[in-house]
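Participant: Below: sequence and its predicted model.
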2 protein chains.
Amino acid sequence: MNKSQIAIKFKALQQRICEGLEKLDGIGIFQSDEWKRFEGGGGRTNILQNGDLLEKGGVAFSEVYGKVSEEMKNQLNFKQGNEFYATGVSIVLHPKNPHVPIIHMNVRYFQIDEDVYWFGGGIDLTPHYVIPAQTEMFHERLKTICDKFNLDFYPKFKQQADDYFYIPHRNETRGIGGIFYDHMSSNNSSLTKEDFVKLALQLGDNFVSIYSEQVILGRNLPFSQQEIAWRNLRRGRYVEFNLVNDRGTKFGLHSGGRTESILMSLPPNANWEYNFSPKENSKEFETLTYLKKNI
Amino acid sequence: MNKSQIAIKFKALQQRICEGLEKLDGIGIFQSDEWKRFEGGGGRTNILQNGDLLEKGGVAFSEVYGKVSEEMKNQLNFKQGNEFYATGVSIVLHPKNPHVPIIHMNVRYFQIDEDVYWFGGGIDLTPHYVIPAQTEMFHERLKTICDKFNLDFYPKFKQQADDYFYIPHRNETRGIGGIFYDHMSSNNSSLTKEDFVKLALQLGDNFVSIYSEQVILGRNLPFSQQEIAWRNLRRGRYVEFNLVNDRGTKFGLHSGGRTESILMSLPPNANWEYNFSPKENSKEFETLTYLKKNI
């Protein structure tokens, strides 16, 4: 399977996910924005705003190529090559109701010249209020998909998510983790290139169903001003992670990527309150106890 | 003048500025938070929330010291040394009324072992709506202070502010600039160490008066929901600059500084809207025309 075929599959995946999310939302419609990149390639950024479930959701497809830069080598950790090619689908959904979690998914394919390639991707969940049974269900679904490909994947990818989605300056995880993989190819695993495409598509095609299970409990629950205030503070943490820690965001912004597509991951709003800490034994306090690394 | 004497002067400056700002605000009171740093030193972070003028304002003093790290050498651009000492006052004020600008000030002293030192500092203004006459008044005040010390300072420090307070991924300046200086000592200028302390204190002691001139026009103007929405988007840009571009913030967060004191610079809230651009010839559109580099 060549790079263009992978991009075609990813673009079709974006379409299916948006259709599924519109059904899940009920009233929200994605607005689609096609853009070109001066140095080569472009993308389609789909944004849903002010839906019933989703306050702001982005599902972005991109296919970009061009000359390899020194910064790219450093950031993506490879030594040589002239031309790069990258295609992927990225999703971030910010729900309105504080009882519904934020979710993120990404699948991507990267190629250098015609000989070297790798895949990356993952799904992770950021509940405003952590519910352990929901966390378990989420991980179970991801494990089921990974296990179809290689039994080593889930524990490895889960650990990588725990390591990656961590905010050192807060000593907090971004959420309850999920899976995260990068630099995967047939050189370092039993899977063929076609298998990795399948893995990406299975994650993508299960995404709406996985998220549906996570929203069903909370989406119709009433919420208070205090819960909204907490949601907004958690959105603030999401902003901090994405702007301070997320390698993809930093690399994108510093290498001249399309700012609006990169920053579609930011919530519609966020709050900061100096030295806020929730009352002991409150729901908010309990949630923080789940956001510790390696628990 | 030794480092402790400078720190004492800076701490007293913090106190005077807070008193001045409380008077200016009318109802807001600073809450004071003393903190210690495990590796050496500490600080006093003063925060005013929900005042009449200021929605959130922070005035932070710190005096920290310890072993020089490799990261510090890279970030602060020096080659050798064992022990560092740093003291300074930082201010960020986020007003409630969109017709009043955000302001930032910093004065700092840095020393390596007992022989090498330098000063840094600056004041810059970020109006939600730029008013050219106000911009001129602001720069005039800064020029008057700088000119008392060295006629080369103002043009040089102004250029440095224009270069520093710039958001490349938005192709926008953070605001209308001001002055910014760093690595200044008697080695690279006609001023003595005592003169640099005087410069820092003069900036600090003029700060409330300079800001007063900037708030007087706008603080009692009525404002609409649309103006609030614009203020919140501009606050979003402020968050982006501070988390993505600001060297001090990045260095602080990555080197284990006190997170709450570093991030006191963030606004109480911020908004992001995908691909927002103001209507042509609107007030918001006009403001963006002033936020271009080197105009």
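Facilitator: Sure, I can see it.
Participant: Show me where the stretch 151-295 of chain A has its strands.
Facilitator: Here the stretch 151-295 of chain A has its strands, by DSSP state E, counting those that start in this stretch, at A:166-167, A:172-173, A:178-184, A:269-271.
Participant: Could you save the ones you listed as a markdown table and add columns showing mean neighbour count, distance to chain B and mean pLDDT?
Facilitator: From N, CA and C alone the C-beta is placed, and that goes for glycine too. Below are these laid out as a markdown table (neighbours: other Cβ atoms under 10 Å in any protein chain shown; distance: least, Cβ to the nearest Cβ, whole Å; pLDDT from 0 to 100):
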| stretch | mean neighbour count | distance to chain B | mean pLDDT |
| --- | --- | --- | --- |
| strand A:166-167 | 19 | 9 | 97 |
| strand A:172-173 | 22 | 10 | 97 |
| strand A:178-184 | 21 | 21 | 97 |
| strand A:269-271 | 23 | 5 | 98 |
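Participant: can you put these in TSV and add distance to B:Tyr290?
Facilitator: Output for these, formatted as TSV (distance: least, Cβ to Cβ, whole Å):
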stretch	distance to B:Tyr290
strand A:166-167	35
strand A:172-173	38
strand A:178-184	42
strand A:269-271	25
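Participant: Tell me which of those approaches B:Ile262 most closely.
Facilitator: Counting by Cβ to Cβ, B:Ile262 lies closest to strand A:166-167 out of these; the figure is 13.3 Å.
Participant: Each with direction, which strands does the closest one pair with?
Facilitator: strand A:172-173 (antiparallel) (DSSP bridges).
Participant: Distance check, A:Ile131 against A:Thr287.
Facilitator: In this structure, A:Ile131 and A:Thr287 are 9 Å apart, going by Cβ to Cβ, to the nearest Å.
Participant: quick one, what contacts A:Val215?
Facilitator: A:Leu24, A:Leu53, A:Pro95, A:Val100, A:Pro101 (Cβ atoms under 8 Å, 6 or more residues apart in numbering or on different chains).
Participant: what sits against the residue of the stretch 1-150 of chain A found nearest chain B?
Facilitator: The minimum distance from the stretch 1-150 of chain A to chain B, using Cβ to the nearest Cβ, falls at A:Ile47 (4.6 Å). For A:Ile47, the contacting residues are A:Phe30, A:Gln31, A:Asp33, A:Lys56, A:Gly57, A:Gly58, A:Met264, B:Tyr274, B:Asn275, by Cβ under 8 Å, 6+ apart.
Participant: three-state assignment of it?
Facilitator: strand (DSSP: H, G, I helix; E, B strand; the rest coil).
Participant: so what's it bridging to?
Facilitator: Bridge pairing for A:Ile47 - DSSP bridges - gives A:Gln31, A:Gly58.
Participant: Which residues of the stretch 1-150 of chain A lie near chain B?
Facilitator: A:Asp33, A:Thr45, A:Ile47, A:Gln49, A:Lys56, A:Gly58 (Cβ under 8 Å from any Cβ of the partner chain).
Participant: so where does the fifth one fall, helix or strand?
Facilitator: When secondary structure is defined using DSSP states H and E, the element that contains A:Lys56 is strand A:54-67.
Participant: Quick one: name whatever helix or strand follows that strand.
Facilitator: Following strand A:54-67 toward the C-terminus (DSSP H and E): helix A:70-76.
Participant: Would you mind putting the CA coordinates of that following helix into CSV?
Facilitator: The C-alpha trace of helix A:70-76 is given here as CSV (Å, rounded to 0.1, in the frame of the first residue of the first chain):
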residue,chain,number,x,y,z
GLU,A,70,16.8,20.0,10.7
GLU,A,71,14.1,20.8,13.3
MET,A,72,12.1,17.9,11.9
LYS,A,73,15.0,15.5,12.4
ASN,A,74,15.5,16.7,15.9
GLN,A,75,11.8,16.7,16.9
LEU,A,76,10.8,13.4,15.2
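Participant: just checking, what packs against that helix?
Facilitator: helix A:247-254 (3 or more Cβ pairs under 8 Å, 6 or more residues apart in numbering or on different chains; DSSP states H and E).
Participant: Could you list the buried residues of the helix it packs on?
Facilitator: For helix A:247-254, burial by neighbour count (16 or more other Cβ atoms under 10 Å in any protein chain shown) applies to A:Gly248, A:Thr249, A:Lys250, A:Phe251, A:Gly252, A:Leu253.
Participant: is that helix up against chain B anywhere?
Facilitator: Yes. Residues of helix A:247-254 contacting chain B under Cβ under 8 Å from any Cβ: A:Lys250, A:Leu253, A:His254.
Participant: The last one contacts A:Glu71, correct?
Facilitator: Yep, that's A:His254 we're talking about. Yes. At 6.8 Å, A:His254 counts as touching A:Glu71 under the criterion of Cβ atoms under 8 Å.
Participant: Closest one of the residues of helix A:247-254 next to chain B to chain B?
Facilitator: Chain B lies nearest to A:Leu253 out of these, by Cβ to the nearest Cβ, at 4.3 Å.
Participant: if I pick that closest one, what's in contact with it?
Facilitator: Residues counted as contacts of A:Leu253 (Cβ under 8 Å, 6+ apart) are A:Thr259, A:Ile262, B:Pro168, B:His169, B:Val244.
Participant: what about the first one, distance to B:Asn245?
Facilitator: To tie it back to what came earlier, the one meant is A:Thr259. Taking Cβ to Cβ, one finds A:Thr259 at 13 Å from B:Asn245.
Participant: before we move on, the earlier item: now intersect the contacts of A:Val215 with the helices, please.
Facilitator: A:Leu24 (DSSP state H).
Participant: Break down the stretch 151-295 of chain A into its helices, ranges please.
Facilitator: A:153-164, A:193-215, A:225-240, A:247-254, A:259-262, A:283-290 (DSSP state H, counting those that start in this stretch).
Participant: Oh, that last question was meant for the stretch 1-150 of chain A, not what I typed.
Facilitator: Using DSSP H, counting those that start in this stretch, helices in the stretch 1-150 of chain A cover A:3-25, A:70-76, A:132-147.
Participant: what does the second one contact?
Facilitator: Applying Cβ under 8 Å, 6+ apart, the set of residues contacting helix A:70-76 from outside is A:Lys79, A:Gln80, A:Gly81, A:Phe84, A:Phe110, A:Arg247, A:Lys250, A:Phe251, A:His254, A:Ser255.
Participant: How far away from the center of its chain is it?
Facilitator: 21 Å (Cα atoms, centre = their mean, to the nearest Å).
Participant: Okay, buried residues for it please.
Facilitator: Buried residues in helix A:70-76 (16+ other Cβ under 10 Å): A:Met72, A:Gln75, A:Leu76.
Participant: for that helix, what is the average pLDDT?
Facilitator: Mean per-residue pLDDT for helix A:70-76: 85.
Participant: For A:Ile103, see how far away the residue nearest to A:Asp124 when sequence neighbours are not counted is.
Facilitator: Once flanking residues are discounted, A:Asp124 sits nearest to A:Gly178: 3.4 Å by Cβ to Cβ, 6 or more residues apart in numbering or on different chains. Distance, A:Gly178 to A:Ile103, by Cβ to Cβ: 9 Å.
Participant: what touches both of the two?
Facilitator: The contact sets of A:Gly178 and A:Ile103 overlap at A:Ile123, A:Asp124, A:Leu125 (Cβ under 8 Å, 6+ apart).
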